[in-house]
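A.B. asks: sequence first, predicted coordinates after that:
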Amino acid sequence: MSKNIFLFILITILFSCFYSQKLFAQYQLKGIVTSAKKEPLSNASVKVKPIHQNKIVSYSFTNQNGLFTLELNKQSLDSLEIEISCIGYQTQKAQLKGLSFDNILIDLETTIHKLPEVRVKSNPVIEKKDTLSYTIKPFTQATDAVIGDVLKRIPGIEVTESGVIKFQGRAINRYYIEGLNLLDDKYNVANRNIPATSVEKVQILENHQPIKILDSVSFSNQAALNLILTDKARGRIIGRLKLGAGISPLLLDNEINPMKFNKNTQFINSYKYNNTGINYSDELTLLNSSNISSNFVSNTTENPLLSIPSANIPRTNTQRFLFNNSHTLTFNQLYKSKTDVNIKTNFDFIVDKQNQNNSNMNTIYFPNDTIQFKESQALNLEKILSRFFFTVEKNTKNYFFLNAFKIQYLKNRNFGQQNTTLNTTQSFLNNHISFLNNGNFINKKGSTLIVGNYQVSYSNMPQSLSILPGIYDSIFNFGNVYDELLQKLKIKTFYAGAELGLSRRFNNISFQNTVSANFTNQNFTSNLLKLYSGKYDSVSYNFNNQIDIHQYLITNTFSLSYKIRNAKVSLSVPVAYIDQKYQYTIKDTSNKRLFYNYNLSVQIPFTSRISTYLSSSLSTYYTSPYFSTNNTILSNYRMLQNNAGIFNNNKSFTNSLLINYKDALKIIFASIGVTQEKFTQPFIYNNLFIGNLSIMEALLFNNTNSSWNVGGRISKYFISLKTSLVLGLSYKRTENFQMNKNILSISNVNSLNINSTISSKIGSMIIDHSLQYQRILSGINQTLAPSFLLNQTISNSIVFSEFSYIKINVEQSYFKRPGATERNFFFIDLSFKRKLKNKKIDIEANWLNILNTNNFETLSFSANNRTQSFYVLRPAQAMLKVAFNF
Amino acid sequence: MKLILSIFFFLLFLNNSNAQMIQSGRAIYSFSHIKDTLSPANRYTEEMALFFNMKQSSYFSYTKFYGDSILQTRFKIVETGGKISEEEFKEAVKFKMTTPENLYFNFEEGKFVFTHPWIGETLAIENKADIIKWQLQDSTKTIEGLICFKALCRFKGRNYEVWYCPEIPTKAGPWKLNGLPGLIIQANDQSGSISFNLKSLNYSKEILSLINPPTLVRQVSQEQFNKLKMGLLQNPQAYINAAVSGSSVSNSNDKVEVRKTDASAPKPKSRVNNPIELNND
């Protein structure tokens, strides 16, 4: 009985085991899926589902050979089917019952049946490919005050010392604020005054064509900048008020900058005053010519022909050497009407007074002579500049129109004591008034673009230079001592010009042809007078000029640019005809000439890492007509110049090649380039020295100055060291002609420059070190002597918290010239910045020139001149400034 | 003459067979992501494109891609003398942040390539594709006229619930979610931070150039790429100065994203404390 039960249980267990294997069987389905042509289909989906139902029990995909393997652990396989699908083929189903699981063969027929589609309901946001946008926050340091401080750190953006903003090496062609162009070329006013906290984003519009209608026709390789303000900054008056005071002597640095940006109106107004050596008036410099045509030449800008010589501006912080007292005022308004017309008014007013106390040691080399003299001067310079622009502009997709009216008044009054072998008191006066009205219009006819420009301008520039007592009496007064030498001159210019151009684009080529015609009428008079026995007399008719000039210039420029993949080729060929008629007091001369220029540039990216840029250009141009004076002018107390009526056409021939390399993985960027330039003038000055009076007489001569420049730059970032290193090396050779006492000679200046910049982050300190080393060989007729110059700056910023930091700056300037002792100068500056927690108040304290270095020297080279300049510096300054942002 | 005719027909035949070969699909998703859990109302949204065929798929920002085609159309309109309104022009200048990385999946080889533009070059990192363990569910739902089935999975630290449509028999799906026997139409992460919704779907014959990973790239490994990103974050100014100083003429349109998070810098307004991949499980 028990045996039976045992056997029964055993059989049951065995049977159940056997049966359960069937119950919980792991089935493996294997097979191959091919097309009707017996090609294996990969990635076809293989699904197992209950028959006539959609629920998927198990699934797999075919491999590259069309094979699939499926695991199943259900018992009623009879109710299951296998379904194979592949895009482009008809889905096939087969019941599992009756299939041999190891070898399921499925052939799929191709199908043309459409897969289901879903239509889009709403439009996606449109984004222009060429727009890069940066949110300001990650680049801002809490101690940044204005947007210009932040822009410097944005990748690709470089802000030069004068304030020009460049993107990837090219100057921007527009600075927009909320899409509107309030300031045109005067964008420093915005860059240096809009608070950093008011800006939300900065957009870089690459390949920007500011004239909308030209967008489809011409390629631009310049970018534009657009500031997008925060919501809080829009629609209300924002700005900064800064008050600063300090000592040695009483120093003041104050400014107020209210501005407002609405959808249809904008204004930026600013008033600044300082006597600490900061040159705020350079904010009002017209930085960038974004004009369509560059053919307009007229002297409506500063242009002194007479001067009191003084030392060059040294390359260091202006606060070290500039003794000033200046007011700068600017009002800029923009109003946009409903019909898309922009009306802008800009008004600038500058009163700038400066003191200079410096001297020069001039060495001029000639084959048989070396002229050397020292001159020192104490000068008071005063400049008043006032400017008003009124512009009306309409810029739509179909046409563009602009008319600008500009008026400018510039007054200079410079007084000085000049001491050389003579001691004189000199004064220079200039009263320059100019009017200009220019306009542009662009229209489309079919697929051709018509571009037109016009300009009418008038300028009157009287200048005078007075020297007391009278100098060089043997030359000017038959050997009799006299009281004053006075050089007066006046230039009156009337200019009218117009230009018309056509442009068209076919696929990747764009053509443009422009014809321009302009007329200049210039009247130049100059007199050299002496004050003798109580009255003014002309020194001699040889020192008086009276010229009346009529000049016509017609130019036809044909240009084309071709774009293929990423490469760009542009060529432009201007052909010009000039007709000049000069009426001198004694004779008349004229000059008629046909000449051409060309400009070629090629940009080719070879791989994703290497790209090259080639350019070649020939440029012949005529300088201002008044240049061709035929009698002598006293340009400054030691220079008499006579241009002998030579028509001054300069020719410049430049070739350059630039190769760039970038490796984003190893973070190495390099560029190497070579430039060759030949500059030719049709005359040379024959120098005759009497003491240190130089009499320069122009002689006809093919005066070619040539230069070669080879340079390279490499930069790398070391991740583990958190350090970046930039190394630059360049070598330049220049060759110039000069003539002394009818003897011609050649001078060379060869300079080797090595520079490096290291920036490293150590803990919460950022240390920057920069170094420039120059070895200059200069001399005449191949006898060259070396001079060495070295400038170093180390600055260390320690960040205490996100709201404050302290910075210490150490600067060294060294040079050694042949035959003299070396000169070495050191400066130390300290500055502290703190932003108060409510983020509306900035405090800045600085102490400049801690070592109280009170004199400074620099060395400069040009052709056959070497000049060593000596400066009296400002004493140490300590200032405290508080700025309120509103 | 007979030879020419036969060559002509042969080429025609070849052409035809080519035309049948690859049929590819284009799906546009609306992607939304709460990047900062402290400001959940701030959802980051973007239109993403998924181009797929049986063997491969590519996934990248459609917002960026669409801009190009609009520009082409606009150029054609102006060429033929038409007008574009002020609004349309202004809209183009509106800022839209986009995802710079592109994903290229190769289903046959079971791997994917992720490309990232980086200071003038495009870096490509190859990885083995993760095989997602999907749990198929019974529920069905009709979305935009497509019958979809539900599936669940746990991927990179998040639980996803997706709806896929077997009528479109491709493995592809948005981002790294793929491997289902049908196109993924909708995907949501259970915490509500991430969602993908299909907006449009159509087909074309020659999108192969968009599906294949680009060739002019620099291959790097994941470790090398992580090192690069760390380097940028540690001292962004110096890194970027090194990049900019060495090159003076450049014509690349690449973008570098910088987010500073060390203590010495102010905390940026937009933080990502809720990345898509929470961990590697």
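C.D. replies: Structure received.
A.B. asks: got a list of what A:Lys55 touches?
C.D. replies: Residues in contact with A:Lys55 (Cβ atoms under 8 Å, 6 or more residues apart in numbering or on different chains) are A:49, B:136, B:138, B:149. Where C-beta positions appear, they are placed from N, C-alpha and C, glycine not excepted.
A.B. asks: contact partners for the last one?
C.D. replies: Which is B:Phe149. A:54-56, B:136-137, B:139-140, B:163-166, B:182.
A.B. asks: look up phi and psi at it.
C.D. replies: phi -110, psi 160 (degrees, to the nearest 10).
A.B. asks: which one of the contacts of B:Phe149 is nearest A:Ala517?
C.D. replies: B:Cys165 (70.1 Å; Cβ to Cβ).
A.B. asks: residues contacting that closest one?
C.D. replies: Neighbour list for B:Cys165: A:116, B:143, B:146-149, B:182-183, B:185 [criterion: Cβ under 8 Å, 6+ apart].
A.B. asks: repeat that for A:Leu489.
C.D. replies: A:305-306, A:462-464, A:524-527, A:545, A:633.
A.B. asks: in the one helix or strand it maps to, what counts as buried?
C.D. replies: Taking DSSP states H and E as the criterion, A:Leu489 maps to strand A:484-506. For strand A:484-506, the neighbour count (16 or more other Cβ atoms under 10 Å in any protein chain shown) marks A:484-489, A:491-493, A:495, A:497, A:499, A:501, A:503, A:505 as buried.
A.B. asks: what secondary structure does B:Gln224 sit in?
C.D. replies: helix (DSSP: H, G, I helix; E, B strand; the rest coil).
A.B. asks: do you know the pLDDT at it?
C.D. replies: For B:Gln224, the model assigns a pLDDT of 82.
A.B. asks: distance of it relative to B:Thr122?
C.D. replies: Distance, B:Gln224 to B:Thr122, by Cβ to Cβ, to the nearest Å: 14 Å.
A.B. asks: who has more neighbours, the two?
C.D. replies: B:Thr122 (20 against 14; other Cβ atoms under 10 Å in any protein chain shown).
A.B. asks: helix or strand: which one has that one?
C.D. replies: Using DSSP H and E, the element containing B:Thr122 is strand B:121-128.
A.B. asks: for that strand, which strands pair with it and how are they oriented?
C.D. replies: Neighbouring strands of strand B:121-128 in its sheet, by DSSP bridges, are strand B:111-118 (antiparallel), strand B:218-220 (parallel).
A.B. asks: hey, which of these is tucked in deepest?
C.D. replies: Counting by mean count of other Cβ atoms under 10 Å in any protein chain shown, strand B:111-118 has the highest mean neighbour count of the strands paired with strand B:121-128, with a mean of 20.
A.B. asks: related to what we said a few turns ago, lowest pLDDT pick from the contacts of A:Leu489?
C.D. replies: A:Leu305 (85).
A.B. asks: confirm that that residue sits in a strand.
C.D. replies: No: assigned with three-state DSSP, A:Leu305 falls outside any strand and is coil.
A.B. asks: doesn't A:Gln463 make contact with it?
C.D. replies: Yes: counting by Cβ atoms under 8 Å, A:Gln463 is a contact partner of A:Leu305 at 6.3 Å.
A.B. asks: what is the nearest of the contacts of B:Phe149 to A:Leu252?
C.D. replies: The closest of those, once distances to A:Leu252 are taken by Cβ to Cβ, is B:Trp163, at 71.3 Å.
A.B. asks: I'd guess the closest one is in a strand, am I close?
C.D. replies: Yes: assessed by three-state DSSP, B:Trp163 belongs to a strand.
A.B. asks: how close does it sit to B:Ile143?
C.D. replies: B:Trp163 is 6 Å from B:Ile143, by Cβ to Cβ.
A.B. asks: now list whatever residues contact both of those two.
C.D. replies: B:185-186.
A.B. asks: the two: who's more crowded?
C.D. replies: Just comparing B:Trp163 and B:Ile143: by other Cβ under 10 Å the higher neighbour count belongs to B:Trp163, 25 against 14.
A.B. asks: any idea what that one is bridged to?
C.D. replies: Legend: beta-bridge partners of B:Trp163 under DSSP bridges are B:Lys150, B:Gln186.
A.B. asks: so it makes contact with B:Leu152?
C.D. replies: No: with contact defined as Cβ under 8 Å, B:Trp163 does not count as touching B:Leu152 (10.8 Å).
A.B. asks: show me how to select, in PyMOL, the buried members of the contacts of A:Leu489.
C.D. replies: One line in PyMOL is enough to select the buried ones among the contacts of A:Leu489; burial here means 16+ other Cβ under 10 Å:
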select buried, chain A and resi 305+306+463+464+524+525+526+527+545+633
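A.B. asks: of the contacts of A:Lys55, which is the most crowded?
C.D. replies: B:Phe149 (22 neighbours).
A.B. asks: do you know how far that one is from A:Ser58?
C.D. replies: Plainly put, B:Phe149 is 13 Å away from A:Ser58 if you go by Cβ to Cβ.
A.B. asks: got it, and A:Met765?
C.D. replies: For A:Met765 relative to A:Ser58 (Cβ to Cβ), the value is 63 Å.
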